[in-house]
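1. Sequence below, structure please.
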Amino acid sequence: MYAIVEIAGHQFKVEKDQKVFVNRLSTEEGKKVSFDNVLLIGNGSEVTLGAPAIDGAQVSAKVLKHLKGDKVVVFKKKRRKGYRVKNGHRQALTEIVIEGITASGAKKAAPKKETKSTPEVAEDTQDLSKMTVAQLKEMAKAKGIEGISSMKKADLIAALS
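-> Numbers count the residues shown, from 1 in each chain. The predicted structure is shown next:
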């Protein structure tokens, strides 16, 4: 069984008991961590594809250690100008070992509730800001607002609000 999971902004194909180097995680060494952004699960010839992620799927892992990767040299040069710059860095990495892949039954964190202070005004301003200047001018013309030819987008939104 294998899974394609998104960890720290990168996608990895992982299997049970596999060691993976990922970008630095904020979890301490020896702690367990789970990733619920599973994009694909393959079990033999059966493949489950998420849109974009599979609901209830989870990959659990254990953080082994934090380390730095190999040195990457960045050399810049412009010919005939005497310009040469040599820089480098070592990427901060975390080594994890995959402990298990759960296809279903894992609970996701509850989505946070959004609060709207003034729903009508907020929706109108968001809708107006997404519109083009030509559409805003047509709306202003329909409402009978004068002097719209010299107005900018922010002025049109203020006049329509």
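
2. Show me what the host helix or strand of residue 86 pairs with in its sheet, parallel or antiparallel.
-> Here residue 86 sits within strand 83-102, counting by DSSP states H and E. Neighbouring strands of strand 83-102 in its sheet, by DSSP bridges, are strand 19-23 (antiparallel), strand 58-78 (antiparallel).

3. What count of nearby residues applies to the nearest residue to residue 57 once chain neighbours are set aside?
-> Counting by Cβ to Cβ, 6 or more residues apart in numbering, residue 38 is the residue found nearest to residue 57 once chain neighbours are left out, at 3.8 Å. Yep, even glycine has a C-beta here, placed from its N, CA and C like the rest. Neighbour count of residue 38, defined by other Cβ atoms under 10 Å: 24.

4. Does residue 38 touch residue 55 like I think?
-> No - in this structure residue 38 lies outside contact range of residue 55 using Cβ atoms under 8 Å: 9.4 Å.

5. circling back: dump the strands paired with strand 83-102 to CSV, plus distance to residue 149, mean neighbour count and mean pLDDT.
-> Shown next, in CSV, are those (distance: least, Cβ to Cβ, whole Å; neighbours: other Cβ atoms under 10 Å; pLDDT from 0 to 100):
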stretch, distance to residue 149, mean neighbour count, mean pLDDT
strand 19-23, 52, 15, 97
strand 58-78, 48, 13, 97
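
6. could you dump the ones you listed to TSV with distance to residue 12?
-> Formatted as TSV, these follow (distance: least, Cβ to Cβ, whole Å):
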stretch	distance to residue 12
strand 19-23	6
strand 58-78	9
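
7. and residue 147, which of these is closest to it?
-> Closest to residue 147 of the strands paired with strand 83-102 is strand 58-78 (Cβ to Cβ; 51.8 Å).

8. so who does the residue nearest to residue 57 touch?
-> 3-5, 50, 53-54, 57-59, 101 (Cβ atoms under 8 Å, 6 or more residues apart in numbering).

9. cutoff 6 Å now
-> 3, 5, 54, 57, 59 (Cβ atoms under 6 Å, 6 or more residues apart in numbering).

10. I'd like to know how far residue 9 sits from residue 72.
-> According to Cβ to Cβ, to the nearest Å, residue 9 and residue 72 sit 18 Å apart.

11. correction: residue 160
-> In terms of Cβ to Cβ, residue 160 sits 52 Å off from residue 72.

12. Could you look up the next helix or strand downstream of the helix or strand of the chain with the lowest mean pLDDT?
-> Every helix and strand of the chain was ranked by mean pLDDT, DSSP states H and E. The lowest is helix 119-130, at a mean of 58. Next along the chain after helix 119-130, taking DSSP H and E as the criterion, comes helix 133-143.

13. Noted, bye for now.
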